[in-house]
Every structure is written in C-alpha cells, then in structure tokens.
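Q: Have a look; sequence and predicted model below, questions after that.
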Amino acid sequence: MRSKSLIAMLAVVVMTIAGSPAAAQSDSTQADSDGWKFTIAPYLWAAGMDGTITINRIDAKVDLSFSDVLSDLDFAGMLHFDMQSEHWVVTSDLIYVDLGADADVLLGTGLATVTQTLFEVAGGYRVTPIVTVLLGARWVDLDSGLRYMGQVVEERVDESRSWIDPFVGVHLAIPLAKRWKLGVHGDIGGFGVGSDLAWQAYADIGFKASNVVSIILGYRAIDMDYEHGSGDDLFKYDMLISGPQLGVAFHF
C-alpha cells in the first residue's frame, strides 16, 4: 500500500533525524609555538526543522520543534574534537541519531525508523590570532524504514541515501575578557558534488571555567538542499535545521 499518507509520514520521520543535530564549537585557547593543543567536547543541540522532502513526486512539508524531535528519539550521540597549533587547525564533528515513531494511518498503523550519521572534518589556517580560514567536507548517511500494518495487508518501505558536501568557511575567535570568548562561524558548500547548496552558521560564547574545562553556549543553523534522481525515483531534501546548543569542552 503506497499511499500519500504513508510517504508523507516517512518523510517527516526522515527529516526528524536530520534535525538532531550538528556541531558544537569548542573554545580551546590559541596554541603556543611549543606544540599542539587538543579539545574534546560532547554537546547537545536543541534543534528544530523547517523545510520539505520529496519522495516519488510526493512533497511533504516539515515543521518540527525540538520537543517534537525529542519525543521520537531512541538514541543520539554528539561529539566535537579539534587540534590546534600556532597557525594550523584540524577539526571534526560526529553526530549519530536513532529515531522511531508510529502513527495511525489509513485503517492501520505505520511504524517508521530512521538512523542518521553526520560526520565532518576540516583543516584550517589561522591568518591572524582571530581569523581562521577552513576547507573541509561533511558526510551525511541516512537510513529509513517504514512498515505499514493494516487490517488486510502489510508492507515495508526502505530508503537509504548518503552524500558528501565539500565546504569552505571562516571562523572568528574574539576575546571578550580574561575568561570569555566569542566564536562566529560561517561555511558554504555542496557545489553540486553532494547538495546543490549547503551552508552553516553559528555564534557562541565560551567561558573558561579552568585551564581544562570550558562551557559553550550558542546558536547554530545548517541548511542542506540535496536532490537525487528524477521522476518516480526523485528524492529531494531541502531542510533548515536550527536551534541553541550547549557543550562542555575539555582541553589538554
């Protein structure tokens, strides 16, 4: 049974996992000429989603708050890591989300499950103590399944997509006071390699509680416009994911 209701439900669940989100910005101190400084930061991103997804010519509008996403979440893990020398920066970010939802649809029950992995890595050069230019790539892997259990028929639909978005960006680390720092980041990518267009922007404030621990609070938005196939095989993902984020950074 391939009804519009089932496809729309699958679309909503697929979008839900992608909105879990994305990268925490560490607040590591600028490294001395002696060597490298390392930062690892687990974080939470209270993100909502706004956009559309198209599967087999069927468009589904998605408008979900963070509470909507959270109610269907089975498991999520988010982790940021970077290393910095006097002039060079290597940064990475990993997000894993496992989501499941069920709903009553057309004289039956629809069960949807989605797993998403998002991993990005970038290298950068510190042009000044404040300005760093970045070049990197973001890998998105999406697996979704929908099972319909009706009074007469039962059917399962699966969809898997993965793509890589190269990007270029700039990061600003602006000292505000002895223990405070403002971070501002922007990158743009896709360029038709993966997404037609993908961009990310965030700003955060870091408080250095000690030489080892910093607290980071900010706001992040990421947008991806991805399209694959045509006609009955068309899959299109056009989504803005945004919301506040909170992380704890450990420096060593």
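A: Ah, there it is. Numbers count the residues shown, from 1 in each chain.
Q: Heading C-terminal from the lowest-mean-pLDDT helix or strand in the chain, find the next helix or strand.
A: Across the helices and strands of the chain, mean confidence by mean pLDDT, DSSP states H and E is lowest for helix 4-18: a mean of 39. Next in sequence after helix 4-18, counting helices and strands by DSSP states H and E, comes strand 37-45.
Q: could you say what helices and strands the helix or strand following that following strand packs with?
A: Next along the chain after strand 37-45, taking DSSP H and E as the criterion, comes strand 48-55. For strand 48-55, the packing partners by 3 or more Cβ pairs under 8 Å, 6 or more residues apart in numbering; DSSP states H and E come out as helix 4-18, strand 58-64, helix 66-71, strand 235-251. C-betas here are computed from N, CA, C, even on glycine.
Q: how does it look with 7 Å?
A: Other elements packing on strand 48-55 under the criterion 3 or more Cβ pairs under 7 Å, 6 or more residues apart in numbering; DSSP states H and E are helix 4-18, strand 58-64, strand 235-251.
Q: pLDDT weak spots in the protein?
A: 1-34, 55-62, 64, 68-76, 99-114, 144-158 (pLDDT under 70).
Q: Recalculate using a threshold of 50.
A: Applying pLDDT under 50 to the chain picks out residues 1-30, 32.
Q: could you pull out the strands for the stretch 51-200 of the chain?
A: Using DSSP state E, counting those that start in this stretch, the strands found in the stretch 51-200 of the chain span residues 58-64, 73-84, 88-104, 108-126, 131-150, 154-175, 180-189, 197-208.
Q: Nearest to F252, out of those strands?
A: Closest to F252 of those, according to Cβ to Cβ: strand 73-84, at 10.3 Å.
Q: Any idea what A122 is bridged to?
A: T91, G136 (DSSP bridges).
Q: Could you count how many residues lie near it?
A: 22 (other Cβ atoms under 10 Å).
Q: Mind putting the strands of the stretch 51-200 of the chain into TSV with distance to Y226?
A: TSV is the format used below for the strands of the stretch 51-200 of the chain (distance: least, Cβ to Cβ, whole Å):
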stretch	distance to Y226
strand 58-64	14
strand 73-84	21
strand 88-104	16
strand 108-126	13
strand 131-150	8
strand 154-175	6
strand 180-189	12
strand 197-208	8
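Q: Of those strands, which is nearest T39?
A: strand 73-84 (5.2 Å).
Q: give the contact list for G186.
A: Contact analysis of G186 by Cβ atoms under 7 Å, 6 or more residues apart in numbering lists G169, V170, A201.
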